[in-house]
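**Q** quick one, structure for this:
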Amino acid sequence: MNGDLGRIIRAGAWVALALGVLSACNARPEDKASAGSAAVVESVRVATDRSRIQQGAMTLRSGERIRRITLRNGFSHVLVARMGPDGKPLLSCVDNAPAAEAFLSASGSGQ
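**A** As a prediction, the model looks like this:
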């Protein structure tokens, strides 16, 4: 239970970081706004890094064997946001940096 709470807090921190970076982009010229998006994409890359994934097998009480996958250092998905053309935030749950980059670079589409 405490592990889940820790993950929720860390996920909230990533969301706050992403929203902070995106909201700061509103008053910036285009070249600096793309730098802000690059920072968010890099944060997503770090958060969804699966290089330290651990795989194992375990036997349930019923005798069934299952594969168990554990992410020690990150998340399987993270939430990113950008401002839509109407000025309202658009949110997307992404599982890798290219997906975040595609979402952030899309303009006018309500993903």
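**Q** show me what the residue nearest the centre of the chain bridges to in the sheet.
**A** Taking CA atoms, centre = their mean, the centroid of the chain lies closest to residue 78, which sits 2.3 Å from it. Beta bridges link residue 78 to residue 94 when assigned by DSSP bridges.
**Q** got the contact list for it?
**A** Counting by CB atoms under 8 Å, 6 or more residues apart in numbering, residue 78 touches 11, 14, 15, 18, 44, 47, 48, 93, 94, 95, 100. (C-beta placed from N, C-alpha, C; glycine too.)
**Q** and what about the first one, helix, strand or coil?
**A** Judged by DSSP: H, G, I helix; E, B strand; the rest coil, the three-state class of residue 11 is helix.
**Q** what is the burial count for it?
**A** 15 (other CB atoms under 10 Å).
**Q** the last one too?
**A** A count of neighbours around residue 100, defined by other CB under 10 Å, yields 26.
**Q** mind checking how far the residue nearest to the centre of the chain is from residue 40?
**A** Note on residue 78: its distance to residue 40, by CB to CB, to the nearest Å, is 10 Å.
**Q** what do you get for residue 67?
**A** 32 Å.
**Q** rewinding a little: local confidence estimate at the residue nearest to the centre of the chain?
**A** For residue 78, the pLDDT comes out at 87.
**Q** ok, residue 39 next?
**A** Looking at residue 39, its pLDDT stands at 86.
**Q** can you pull the phi/psi pair for it?
**A** When read as degrees, to the nearest 10, the backbone of residue 39 gives phi -70, psi -40.
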